[in-house]
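[1] requesting a structural model of the entry that follows:
(one chain, ligands or ions: 1)
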Amino acid sequence: MNDRIVVGAALYDDEGRLLAARRSAPPELAGGWELPGGKVEPGERCEDALVRELREELGVEAVPLERVPGQWPLPKGYALRVWKARLVSGEPEPLEDHDALRWLTPDEVWSVDWLAADVPAVSAALAVP
Ligand code: C5P
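    Sure, this is the predicted structure:
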């Protein structure tokens, strides 16, 4: 069962930069940066949810690669799971829930204010070769 799972993408570009998205909603999360993604729907595979969310939120086609080991608690009993992902086509745009995007070089990864759950998730993603 993929009940109460939120999937996030550690999406890299060809130069090895990581995509971070700044939330515009809800108010308590607005201004915080996250790995793009969202809730898995009932009966949906996590990888399919990730592809769907990246299409909806960013307008891009991406493929999930390996899962980043671990799972991180979110409010309301949700848990965050992360996959490394590769951009296949499109230029990401903040279409839904976000008001800014940044491609972060390795030196810049900790220069944005990540949401609490995303801090350990980003650390774990960086540890996956
Ligand atoms: O994007 P969506 O609103 O479906 O995400 C559900 C919840 O998961 C958000 O309200 C937020 O608390 C959390 N979330 C997060 N980090 C992410 C993705 C989602 O903290 N990378």
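[2] only C-alpha atoms from now on, for both contacts and neighbour counts.
    OK.
[3] wait, does whichever helix in the chain runs longest make contact with the ligand?
    Looking across the chain with DSSP state H, the single longest helix is helix 46-58. No: using C-alpha under 6 Å from any ligand atom, helix 46-58 stays clear of the ligand, with a minimum separation of 8.2 Å.
[4] buried ones in that helix?
    Neighbour-count burial for helix 46-58 flags Cys46, Glu47, Ala49, Leu50, Val51, Arg52, Glu53, Leu54, Arg55, Glu56, Glu57, Leu58 (criterion: 16 or more other C-alpha atoms under 10 Å).
[5] what sits up against the helix or strand following that helix?
    The helix or strand immediately downstream of helix 46-58 is strand 61-73, counting by DSSP states H and E. If you take C-alpha atoms under 8 Å, 6 or more residues apart in numbering as the criterion, strand 61-73 is touched by 9, 47, 50-51, 54-55, 79-90, 117, 120-121, 124-125, 128.
[6] select only the buried ones of the residues you listed in ChimeraX?
    The buried subset of these, as determined by 16+ other C-alpha under 10 Å, is captured in ChimeraX by this line:
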select :9,47,50,51,54,55,79,80,81,82,83,84,85,86,87,117,121,125
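[7] fine by me, thanks again.
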